[in-house]
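Novice: pasting the structure only:
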């Protein structure tokens, strides 16, 4: 018997931003995205503020209403230039401001979580970078509460370059700052930063175990996630690719199988290079096949 899929009981899938075929099909504005996702059977969308929070309050509210009408769960990617671990206090202070700006846009849009890059090590040790990032993020949580935005989850992201802060254990430690924070597991980043160590069911299962043991069952079940195949060098992440480019890692099958077996309900955002909508739909299909016993 095939399962009936209710959004609250299963993993949700969707794209990061707008795919090439959205524009090729005549799409022009973000207001067309909810209907586009609904036609593809997808239930999540990550609005991109990587180059700054530029959406107006009215546009955010209008987009949020359209997404809610299609039962699309929203998240926002905060600006890329956030630097939680900068050695310059002014940059860390500005990073807090950017986080608050993103949280405010999320509140207006009805998004319930934002994704934040963890930082960089640069010329300092990983331990010192983690100390600085912990301080910055702790102050950001306090500022969010003071601004009435504490109901929106901040989700530190695992990073892809070897010299960036944000391996799995570092992201777990950042999430220990506040129980409302959940990790963003970017499976492509994790594999690239480790130079290929996380492309098996056993290795990925170990990640899920560590999150459960350190952050508890609820956050282990409902983590945020990014996925794409990523080309890497000895320095880590180099370039995002599509699911069809199978010469690049990681494979999604072991991830989907584990999520299905363990009854996890993450929100998984596809970051494929230009094919993120169709690839998200394919990822959802693989996951649902595992739920149905591979049939």
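Specialist: In hand now; what should we look at? The structure displayed is predicted, hence computed values, not measured ones. Residues are numbered from 1 along each chain as shown.
Novice: can we go C-alpha only for contacts and neighbour counts from here?
Specialist: Fine.
Novice: if I look at the closest residue to residue 50 other than its chain neighbours, how far off is residue 60?
Specialist: Closest residue to residue 50 apart from its sequence neighbours, by Cα to Cα, 6 or more residues apart in numbering: residue 79 at 3.9 Å. In this view, residue 79 and residue 60 are 16 Å apart by Cα to Cα, to the nearest Å.
Novice: what about the closest residue to residue 221 other than its chain neighbours, distance to residue 14?
Specialist: Take residue 221 and drop its neighbours on the chain: the residue closest to it by Cα to Cα, 6+ apart is residue 264, 4.6 Å away. Look at residue 264 and residue 14: by Cα to Cα, they are 16 Å apart.
Novice: and residue 134, by the same measure?
Specialist: 30 Å.
Novice: higher neighbour count, these two?
Specialist: Per other Cα atoms under 10 Å, whichever of residue 134 and residue 14 has more neighbours is residue 14, with 30 against 21.
Novice: show me where pLDDT drops low in the stretch 51-200 of the chain?
Specialist: Scanning the stretch 51-200 of the chain for pLDDT under 70 picks out no residues.
Novice: what are the boundaries of the strands in it?
Specialist: Using DSSP state E, counting those that start in this stretch, the strands of the stretch 51-200 of the chain run over residues 73-77, 113-117, 153-157, 184-186.
Novice: okay, those strands in TSV with distance to residue 94 and mean neighbour count next?
Specialist: Formatted as TSV, those follow (distance: least, Cα to Cα, whole Å; neighbours: other Cα atoms under 10 Å):
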stretch	distance to residue 94	mean neighbour count
strand 73-77	17	25
strand 113-117	14	26
strand 153-157	16	27
strand 184-186	22	26
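Novice: would you list those in CSV and tack on distance to residue 52?
Specialist: Putting those into CSV (distance: least, Cα to Cα, whole Å) gives the following:
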stretch, distance to residue 52
strand 73-77, 10
strand 113-117, 12
strand 153-157, 17
strand 184-186, 20
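Novice: give me the contacts around stretch 272-285.
Specialist: If you take Cα atoms under 8 Å, 6 or more residues apart in numbering as the criterion, stretch 272-285 is touched by 12-16, 18-21, 37, 40-42, 227-229, 240-243, 252, 256, 269-270.
Novice: what about 7 Å?
Specialist: By Cα atoms under 7 Å, 6 or more residues apart in numbering, the surrounding residues in contact with stretch 272-285 are 13-16, 19-20, 40, 42, 228-229, 240-243, 270.
Novice: then stretch 24-33?
Specialist: Residues outside stretch 24-33 that contact it (Cα under 7 Å, 6+ apart): residue 63.
Novice: what about it, how long is it end to end?
Specialist: Using Cα to Cα, the end-to-end distance of stretch 24-33 comes to 13 Å.
Novice: how far does that stretch sit from the chain's center?
Specialist: The chain centroid and the centroid of stretch 24-33 are separated by 22 Å under Cα atoms, centre = their mean, to the nearest Å.
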